[in-house]
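Visitor: Prediction below, plus the sequence it came from.
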Amino acid sequence: MGLNAQDKVSSALPVFSEEKIEDFVNQVYGKEFFVGKEWSKKTIVDALKNRVSFASKPGVSMNAEIPLLSSVPVMKTVNAEQALLALRKFDIAQFNPLLFDINLFPIGKSVVYRIDGTDTMLIIQPQTSEQ
């Protein structure tokens, strides 16, 4: 990721309630997505509540080693303009990571993206063997 121990990075886990996560899922997949899929709901809720975080580091917007989130395809069920608008008006509390076809379930190492036009990174921690 290009960060050293002495680098100043402030990190925050967004506090996504289950209600907010259901709103995110409805926005991308539709209201019926979780019907009969309790395991899917548990898995997505766990990923967004426990493994997705944001970190800010001055100057990270210039770090070409970390891919821009806008370089990731938008989910097929999402209007691309809607997703790009979410990036332009980036707000951690309202940002829906499900708009983009990101790997929410990395194995072995974290996945990191730069939020376009900001010094903020989206970090997805890897799954553990218990998940």
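Guide: Received it, and whenever you're ready, just let me know what you need.
Visitor: quick one, helices of this protein?
Guide: Ranges of helices within the chain are 18-29, 38-46, 80-88, based on DSSP state H.
Visitor: Who are the packing partners of the first one?
Guide: Going back to what we said before, that points to helix 18-29. Contact analysis of helix 18-29 by 3 or more Cβ pairs under 8 Å, 6 or more residues apart in numbering; DSSP states H and E lists helix 38-46 as its packing neighbours. In this view, the C-beta of every residue, glycine as well, is placed from N, C-alpha and C.
Visitor: Buried residues in the helix it packs on, which are they?
Guide: Residues of helix 38-46 classed as buried: 41, 44-46 (neighbour count, 16 or more other Cβ atoms under 10 Å).
Visitor: by contact count, what packs against that helix?
Guide: On a contact count with 3+ Cβ pairs under 8 Å, 6+ apart, helix 38-46 meets helix 18-29.
Visitor: Using the neighbour-count criterion, name the buried positions in the helix it packs on.
Guide: Neighbour counts over helix 18-29 (16+ other Cβ under 10 Å) mark 20-22, 24-25, 27-29 as buried.
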